[in-house]
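K.L.:
output the structure for:
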Amino acid sequence: MTPAIKLLDRHKVDYQIRHYDAGEELRHFGEHAAKALGQDTGQVFKTLIGIIDGNTRSPAVALVAVTDQLDLKKLAAACNGRKAVMADPQQAQRSTGYVIGGISPLGQKQKYITLIDQRAAEYPSIFISGGKRGLQLELAPDDLLDLLDARYCALAK
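P.N.:
You can find the predicted model right below:
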């Protein structure tokens, strides 16, 4: 049981666990997950870690559909920063406690600003990483929003 699942259970959030063969793919984890689960790629969201460079350098969590690209200017603006860059893989793993390809927005080591691309609100449920490769969680986007104290905004290019 991952920290993400434990958090959902503790808060009594409705969700479904979806397992799939993670394979040997070392890139495009989200697209692989969508295909393996037979889901629309717009409904499967990847968790990205950006570093906001404003008054402080702090991580921010951004969720965008697996086929979309994160717009770093939009991320920075949404976090009241001047600019944003992607965290390097090692930094993302250290700050979240999860491995690349299995980073969940839930149950991270610390609570960070979390933003969800507004497109998620179009679906009754979305898929996010469950905290390890080969594990996705299906839940209502509004439940995720509430649990993470996140907000919807335009993040995709």
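K.L.:
list the buried ones in the helix or strand where Ile116 lies?
P.N.:
Assessed by DSSP states H and E, Ile116 sits inside strand 113-117. Buried residues in strand 113-117, counting neighbours by 16 or more other C-beta atoms under 10 Å, are found at 113-117. C-beta: built from backbone N, CA, C; applies to glycine.
K.L.:
and for Ala156, the neighbour number?
P.N.:
Neighbour count for Ala156, taken as other C-beta atoms under 10 Å: 15.
K.L.:
ok so, going back, out of the buried residues of strand 113-117, which is nearest to Ile126?
P.N.:
Lowest distance from Ile126 to the buried residues of strand 113-117 (C-beta to C-beta) belongs to Ile116, with 8.5 Å.
K.L.:
contacting residues for that closest one?
P.N.:
Residues in contact with Ile116, defined by C-beta atoms under 8 Å, 6 or more residues apart in numbering, are 45, 62-63, 141, 144-145, 150-153, 155.
K.L.:
beta partners of it?
P.N.:
Listed by DSSP bridges, the beta-bridge partners for Ile116 are Leu63, Tyr152.
K.L.:
residue contacts, Gly23?
P.N.:
Gly23 sits next to 32, 36 when contact means C-beta under 8 Å, 6+ apart.
K.L.:
ok, now Leu147?
P.N.:
Going by C-beta under 8 Å, 6+ apart, Leu147 touches 7-8, 11, 13, 106.
K.L.:
next, format these as TSV and append pLDDT.
P.N.:
Shown next, in TSV, are those (pLDDT from 0 to 100):
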residue	pLDDT
Leu7	96
Leu8	97
His11	97
Val13	97
Leu106	97
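K.L.:
which of these tops the neighbour count?
P.N.:
Leu106 (27 neighbours).
K.L.:
and for that residue, nearest residue in space, chain neighbours not counted?
P.N.:
Spatial nearest neighbour of Leu106, excluding adjacent residues (C-beta to C-beta, 6 or more residues apart in numbering): Ala4 at 3.8 Å.
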